[in-house]
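> structure of the sequence below:
(chains A and B)
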Number of protein chains: 2
Amino acid sequence: MGNQSKGLIALLQLNPTVGDIVGNAQRLQEIVGDAYSHGASVCVSTELAICGYPPRDLLMQPTFIQIAQETAMNIDVKIPVLVGTPTIPEHQREQPGNGVLLIGNQAPAKVVARKQLLPTYDVFDEARYFDADDRPGIARTINGSFELGVTVCEDAWQVSGETPSEYDADPIEQLAEWGRQGVELDATVNLSASPYHAEKIQTRLHVARTAAECLNHPFLLANQVGGNDDLLFDGRSLAAWPNGDVVIAPAWEEGILLIDVNDSTRSQWISIEGKKSTGLTQLPGGSELVQDEETVLEALADAVVLGLRDYCRKSGIKRIVLGLSGGIDSAVAACVACAAVGPENVLGLSMPSRFSSEHSKSDAKYTAESLGMDYASIPIDELHHLVENQIESVLDNGSPVARENIQARLRAIIVMSHANAQQRMAIATGNKSELAQGYCTLYGDMAGGYTPLGDVYKMEVYGLANVFNNRAGKEGKDAPVNESTLTKPPSAELAPDQRDDDTLPPYTVLDLILKHHIENGLGADEIAATGHDRETVVTVLRRLEANEHKRWQMAPAPRVSPRAFGQGWRHPLASRHDWRR
Amino acid sequence: MGNQSKGLIALLQLNPTVGDIVGNAQRLQEIVGDAYSHGASVCVSTELAICGYPPRDLLMQPTFIQIAQETAMNIDVKIPVLVGTPTIPEHQREQPGNGVLLIGNQAPAKVVARKQLLPTYDVFDEARYFDADDRPGIARTINGSFELGVTVCEDAWQVSGETPSEYDADPIEQLAEWGRQGVELDATVNLSASPYHAEKIQTRLHVARTAAECLNHPFLLANQVGGNDDLLFDGRSLAAWPNGDVVIAPAWEEGILLIDVNDSTRSQWISIEGKKSTGLTQLPGGSELVQDEETVLEALADAVVLGLRDYCRKSGIKRIVLGLSGGIDSAVAACVACAAVGPENVLGLSMPSRFSSEHSKSDAKYTAESLGMDYASIPIDELHHLVENQIESVLDNGSPVARENIQARLRAIIVMSHANAQQRMAIATGNKSELAQGYCTLYGDMAGGYTPLGDVYKMEVYGLANVFNNRAGKEGKDAPVNESTLTKPPSAELAPDQRDDDTLPPYTVLDLILKHHIENGLGADEIAATGHDRETVVTVLRRLEANEHKRWQMAPAPRVSPRAFGQGWRHPLASRHDWRR
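Residues are numbered from 1 along each chain as shown, chains lettered A, B, ... in the order given. Next up, the predicted model:
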């Protein structure tokens, strides 16, 4: 628009902890201080930044809403800040709003917006908690004299058609209409908590460009980063201009995206974690974001590492223990664990039985040593024999799966004993493909407080192995996943010469069938029509349904791929953080 | 009103299986046939009878909605039937309705109502799935020429103020207003799926009387019965007249409540399960439903038995295995299991360790023998020693809880081996009080597919023991829970001379604190103000929060008491039934 600059708008890419209102407020205050010292005139937080997203049924406690809003109102800042907070309803039986508070504006703190479009599908349940507003917000800031349209996450999605819900309103179109009627806005901001999955950034990019074009002014989106329970947020806050120019912040780290609304090239990324940041992505109008397979896998690796790291950090867990079978899944899970909490805090246990091959033991040891984690080998053969002897007649006359499961459950006892004795969290090492098929043992290899690869398909686990090997190589270290682990046929090693493909289709086939169903919502006939054997497809889908109960007893797994249907694997864990402290 | 009778209205108290559309339709057709043969002119089903309640995220699959409505439309009936079904939305991006279809009315099947008030709190999530209608329904039946107001569950609750939500509409008041404007209705019917908890019947009674009084005509409510996942429905369909007369059907069984709207005394209960039914409860206007403690405990016993029975039946599970410790919880769980699936299908395992007292072993054996269930004793001492030897240094240098948990987990291996070998479902025997405090072992005594006492406070478990003992006495059998089990101090017997009250407050105190918090939503200060030691209260509430993660890995437990906050223990299990068969 060629106006003289009014100053910089800081999009705060925050990583709040669900329920930790006091901690989130302190952190927000610090980061606003950083933004101020870098010349920001105004700050914009993420959605519900004061209590973290998703707070789920904490929102049903009126005290929680009250403490959240009041804490947000009392944050001491030097410049105006738009803070995402649940807002106290005006009448007792109304629901709170998913709101935005303007603080530090040389006037009493004021609610300037409440979310209009409440997503209630897939992992979202906002109609359960909030009342919707009927108009977008506008904030006028003393500092810089900005006039800003204010929207919250989903509010900006209707205009691009990228949401599955039919809403009665389109907040972006409403703001655009106000613009046509003479309301002059410098920009529209959007406070988001938009979860990650592999293809999400492309969708978000489309949303932002469509919004900026419709508004005919810059559209600035601050997105949450980090893991909360089973949800991962990638950050990648962004700004889009009406001509299609876009600036995208890095993923997987807290920081500040400084925007000059009059000049996209003056955007800056302030990293506040002190890490070597990948810096900003600048996309001129008309150009697309190209992500090759390697970039996608690198992001997936970062996602699962941050998911586990945040789960531990936010729950006060310092150390991890896991079983190391010598197979690909536990090797990659070990890589994730070491990256998340440091190899000095990870213990890997090899627990060979009579069915364990020699390479299993040596491969497990190799992985542990190359990662520099603690390692012990505890054979379970003697225990296995003793259990079998004690219930011999039951096993002789029953389903063979009982015999197989005993080994997995004995290993769980040993892993959990280390967890309990040493205040470690056990992690389960299973992948999405085998968990989807119930090819796993409840209270056995499914035991653990978190399942880092639980939403990662088997073939992607191989991809992650290469990522971690490459990363080790760049640091001059040995590849943690050796050739033997990468190339041997997958086996649970719970019976003689057992191979996964005795029971399951090859993972290259299984993964595709599962993706068609879970991510695209296709039924058996539709999947068969894409070129798969119908009988195989039906078997896979039946196993998927039959094992739903088992999966519900699985620890949270970070969600990294989209779902056609919501309920499937939505994990209900509410915040563990004590907001009343 | 003194009109001549137009015939009888049959309220069908149905026990549908979530997702089993074809099976539910067949059963509905049979029961309509029964009602017809008993002289009914019109039938009224329960809410979403075609797919069972709660279908949860199955409702997000358009195919599911389509099959449900089309199956409902094609049920072959001789008289008009109001069938609860999700209804296909008119436009692609709209949500389905929670609707009512009129079939068998000598005209094409027709949607006559869609729920207006969508409860979205506690165990309900209906705003997630449905679009609300803006007016109540009216159905005109050929047979009997009835003019009926048609509402669905929550629709009738606003008028009495018994719902926590603030709705914009009051369907009962709308129908009453139509009545004042000259629309003559014979009655208003309500299709319900109103879950049980101990005090719920009193609330429902108030709702029904208020509705009938407001409408100035009879109000007839057909309520679902049976267990679906963690929700229990007690039935107790009822009819209320404007003068306060009420007729209540029995709980815990399928059947038909036949109502003559002109004469409450002509009401009949048709039991279709062939059991000795308790028959109808007739309450004249002005009189209250008095329930003594024994009645409440009897209902609780029926509730947990039906919950487990339905969970097994609807999931195709025929046989059960559980650990029998000689303590009160496992003894009562065994009573529940034997009542649910028959003692011939229940196996109890005593698994003494070095810490097990003599009375533990003899009490366990006594309970098994008096119930007539299968029983085996499998000592775990040798296994326990072997595990301890293999990880001696870890145990010697770590938290003592690791040592205790090993025993519980070895028992889980043995229980699960029997389950896997013999196609039994393991049940976890823990009670709500100890589970709330995390006084239980994950992958140990928490292992199992269902937790029948998981929502029953410890002191109520004692009450249930007396109920089952009395029932045995009436059948001339030995009391299954002996004096020793009833009177010895509760102990986990995982360490020498261990007692629960070494760690927990006495259960009489603990249960009250938990109830104050979980059911009434009181915080620490408020609970202390009722006369409890504040430090004890704080400790209890902190343990409750800290163990949330553990509880989320618990198998479903039937919900038998109210909650102040929803999320707490809501179990997310979606239907296991294959609706695509």
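> which bits of the stretch 201-350 of chain A sit near chain B?
Residues of the stretch 201-350 of chain A lying near chain B by CB under 8 Å from any CB of the partner chain: A:Ser315. All C-beta atoms are positioned from the backbone trio N, CA, C, and that covers glycine.
> so which residues of the stretch 201-350 of chain A form strands?
Using DSSP state E, counting those that start in this stretch, the strands of the stretch 201-350 of chain A run over A:219-223, A:225-228, A:231-234, A:238-240, A:246-248, A:255-259, A:268-271, A:281-283, A:319-323, A:346-350.
> roughly how far apart are the residue nearest to A:Tyr196 when sequence neighbours are not counted and A:Arg563?
Counting by CB to CB, 6 or more residues apart in numbering or on different chains, the nearest residue to A:Tyr196 once its immediate chain neighbours are dropped is A:Asp234, at 3.8 Å. As judged by CB to CB, to the nearest Å, A:Asp234 and A:Arg563 stand 17 Å apart.
> who has more neighbours out of these two?
Applying other CB atoms under 10 Å in any protein chain shown to A:Asp234 and A:Arg563 shows that A:Asp234 carries more neighbours, namely 26 against 21.
> I'd guessed the more buried one sits against A:Ala193; true?
No - A:Asp234 is beyond contact range of A:Ala193, at 11.1 Å (criterion: CB atoms under 8 Å).
> now do the shared contacts for the two.
A:Asn223 (CB atoms under 8 Å, 6 or more residues apart in numbering or on different chains).
> return the helix or strand in chain A with minimum mean pLDDT.
Lowest by mean pLDDT, DSSP states H and E among the helices and strands of chain A is helix A:548-551, with a mean of 75.
> that one close to chain B?
Yes - contact between helix A:548-551 and chain B, assessed by CB under 8 Å from any CB, occurs at A:Glu548, A:His549.
> and that helix, what's buried?
Buried residues in helix A:548-551, counting neighbours by 16 or more other CB atoms under 10 Å in any protein chain shown, are found at A:Glu548, A:His549, A:Arg551.
> now it, how far from the centre of its chain.
Chain-centre distance of helix A:548-551: 21 Å, with CA atoms, centre = their mean, to the nearest Å.
> do stretch A:121-129 as well
17 Å.
> setting aside sequence neighbours, what's the nearest residue to the residue of the stretch 401-550 of chain A found nearest chain B?
Relative to chain B, the nearest point of the stretch 401-550 of chain A is A:Ala421 (2.4 Å; CB to the nearest CB). Among residues not flanking A:Ala421 along the chain, B:Gly398 sits closest, at 2.4 Å (CB to CB, 6+ apart).
> count of neighbours near that neighbour?
19.
> per-residue confidence at it?
We have a pLDDT of 94 for B:Gly398.
> low-confidence regions, the stretch 351-500 of chain A specifically.
The model of the stretch 351-500 of chain A has no residue with pLDDT under 70.
> now the end-to-end length of stretch A:240-250.
15 Å (CA to CA, to the nearest Å).
> likewise stretch A:241-255?
End-to-end distance of stretch A:241-255 (CA to CA): 21 Å.
> and that stretch, what's buried?
Using 16+ other CB under 10 Å as the test for burial, stretch A:241-255 gives A:241-242, A:245-255.
> quick revisit: show me the contacts for the residue nearest to A:Ala421.
B:Gly398 neighbours (CB under 8 Å, 6+ apart): A:His418, A:Asn420, A:Ala421, A:Gln422.
> what about 10 Å?
Neighbouring residues of B:Gly398 by CB atoms under 10 Å, 6 or more residues apart in numbering or on different chains: A:Ser417, A:His418, A:Ala419, A:Asn420, A:Ala421, A:Gln422, A:Gln423, A:Arg424, B:Ile391.
> CSV for the buried residues of helix A:548-551, including distance to A:Arg56?
Listed next are these as CSV, based on distance: CB to CB, whole Å:
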residue, distance to A:Arg56
A:Glu548, 21
A:His549, 22
A:Arg551, 19
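> low-scoring stretches of the stretch 1-150 of chain A, by residue?
Looking at the stretch 1-150 of chain A by pLDDT under 70, you get A:1-4.
> residue numbers of it in contact with chain B?
Counting by CB under 10 Å from any CB of the partner chain, the stretch 1-150 of chain A comes close to chain B at A:19, A:55-64, A:89, A:91-95, A:118, A:120-122, A:124-129, A:131.
> next up, the contacts around A:Asp133.
A:Asp133 sits next to A:87, A:97-99, A:111, A:113-118, A:152, A:155, A:169, A:171 when contact means CB under 10 Å, 6+ apart.
> try 8 Å this time
With CB under 8 Å, 6+ apart, A:Asp133 has these contacts: A:Gly97, A:Ala113, A:Arg114, A:Lys115, A:Gln116.
> how about residues contacting stretch A:373-389?
So stretch A:373-389 is contacted by A:324, A:334, A:337-338, A:343-344, A:346-354, A:361, A:364-365, A:368-369, A:395, A:403, A:406-407, A:410-411, A:414, B:382-383, B:386-387, B:390-391, B:413-414, B:417 (CB under 8 Å, 6+ apart).
> how much space is there between the residue of the stretch 151-300 of chain A found nearest chain B and A:Asn15?
Closest to chain B within the stretch 151-300 of chain A is A:Glu166: 3.4 Å, counting by CB to the nearest CB. Separation of A:Glu166 from A:Asn15 (CB to CB) stands at 33 Å.
> list phi and psi for A:Ile88.
Backbone torsions of A:Ile88, given as degrees, to the nearest 10, read phi -60, psi 130.
> ok, now A:Gly182?
Torsion angles, degrees, to the nearest 10, at A:Gly182: phi 110, psi 0.
> check A:Gly137 too.
Dihedral angles for A:Gly137 - degrees, to the nearest 10 - are phi -100, psi 160.
> thought A:Asp155 was touching A:Pro119?
No - if you go by CB under 8 Å, A:Asp155 and A:Pro119 don't touch, sitting 10.0 Å apart.
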